[in-house]
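Colleague: how would this look folded up:
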Amino acid sequence: MKEPNANYDEPWKEALEEYFEPFLEFFFPQVHALIDWSKLPNSLDKELQQITASSDSGLRFADKLYQVWRHNNQETWILIHIEVQSQEESEFAKRMYIYNYRAFDLYEKPVISLAILGDERSNWRPSSYGYTLGGCEVSLKYPIVKLLDYESQWQDLEASTNPFAVIAMAHLKTKATGGKSPEREQWKWSLVRGLYERGFERQEIIKLFQMIDKMMTLPTELQQKFNERLRRYEEDRKMPLLSNMELMAMEKATRQTLQSNIISLLQKRFETVPDELVKAINNIEDISELQRLHLETVSVNSVADFQQLLSQNPDIQEN
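Modeller: Numbering: from 1, shown residues only. This next block holds a predicted model:
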């Protein structure tokens, strides 16, 4: 069985958009306490694109920028960066510094920069950037959260009703089960079953289930096995979470989102995408294959190279 690449960015971004206040409450309580939550935060995606424009690393899907108000009614911006893979320390810290000063320079608002480090290296904890030259000193220190630290707090995560306890658990177990699909399927099942036991409302269970499902990718056969286990569990409890139609609708929505993202990214990178290629992409049914192609789209050198990738898959070629 070929294991599809794990999908971290999309679930993290969805979780941040859905649960911004619980995110700060769980990971950065000191920042959470500064904010007047009677005023709704604003997500500033267009402003974030300006801040990250021309950056060597480019905008990550999980980067987020929010406008909030403190208790003294002063407007403040919160810039969040989720780093899944290890990067060179100097480059990561430098990027945090660049984004922070660009945000301040462009909009002249106080900026709080926060970082979630989701990599596997326990000693990689970049939390500052700066230099001194000719009597001039420039520096930025920013709070970080290392997800690996939560491995030793697993029981606390299991007991928590904060949605980000679930996201952290899914992230850690997805990392730990790379190349071990049967083990990942077991952990995915355990985490989803735990949603019922925590006492979440049905709509919250559905949202968190969708995030876990996207992150903890499985080969088609194991995903089908997982879906069947979920159906049986719901039948036994007589508390259906997702009907067959809802599961099918979710799969269709995931498929269409991936297809649309691939086409949009190709258009952004190469401007013109042939109609026959668009049709071929929209004919792909296998979600794991679409996830693989989505990742390839970021680094492929040309439309012709992407078409070559498609031609290597006999199932796609038949479409």
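Colleague: so where is the stretch 201-319 of the chain shaky, pLDDT-wise?
Modeller: 237-247, 313-319 (pLDDT under 70).
Colleague: Now do the helices in it.
Modeller: If DSSP state H, counting those that start in this stretch is used as the criterion, the helices of the stretch 201-319 of the chain fall at 202-215, 220-237, 244-270, 275-282, 287-299, 303-311, 314-318.
Colleague: Of all those helices, which one comes closest to V192?
Modeller: helix 202-215 (5.7 Å; C-beta to C-beta). For every residue, glycine as well, the C-beta is placed using N, CA and C.
Colleague: Could you dump the helices of the stretch 201-319 of the chain into JSON lines with mean neighbour count and distance to L133 added?
Modeller: Below are the helices of the stretch 201-319 of the chain laid out as JSON lines (neighbours: other C-beta atoms under 10 Å; distance: least, C-beta to C-beta, whole Å):
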{"stretch": "helix 202-215", "mean neighbour count": "19", "distance to L133": "43"}
{"stretch": "helix 220-237", "mean neighbour count": "14", "distance to L133": "54"}
{"stretch": "helix 244-270", "mean neighbour count": "15", "distance to L133": "38"}
{"stretch": "helix 275-282", "mean neighbour count": "14", "distance to L133": "50"}
{"stretch": "helix 287-299", "mean neighbour count": "17", "distance to L133": "36"}
{"stretch": "helix 303-311", "mean neighbour count": "14", "distance to L133": "43"}
{"stretch": "helix 314-318", "mean neighbour count": "11", "distance to L133": "54"}
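Colleague: Reformat those helices as a markdown table; add distance to N123.
Modeller: Output for the helices of the stretch 201-319 of the chain, formatted as a markdown table (distance: least, C-beta to C-beta, whole Å):
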| stretch | distance to N123 |
| --- | --- |
| helix 202-215 | 25 |
| helix 220-237 | 33 |
| helix 244-270 | 34 |
| helix 275-282 | 41 |
| helix 287-299 | 27 |
| helix 303-311 | 37 |
| helix 314-318 | 42 |
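Colleague: of all the ones you listed, which lies closest to R102?
Modeller: Among these, helix 244-270 sits nearest to R102 (C-beta to C-beta), with 21.2 Å.
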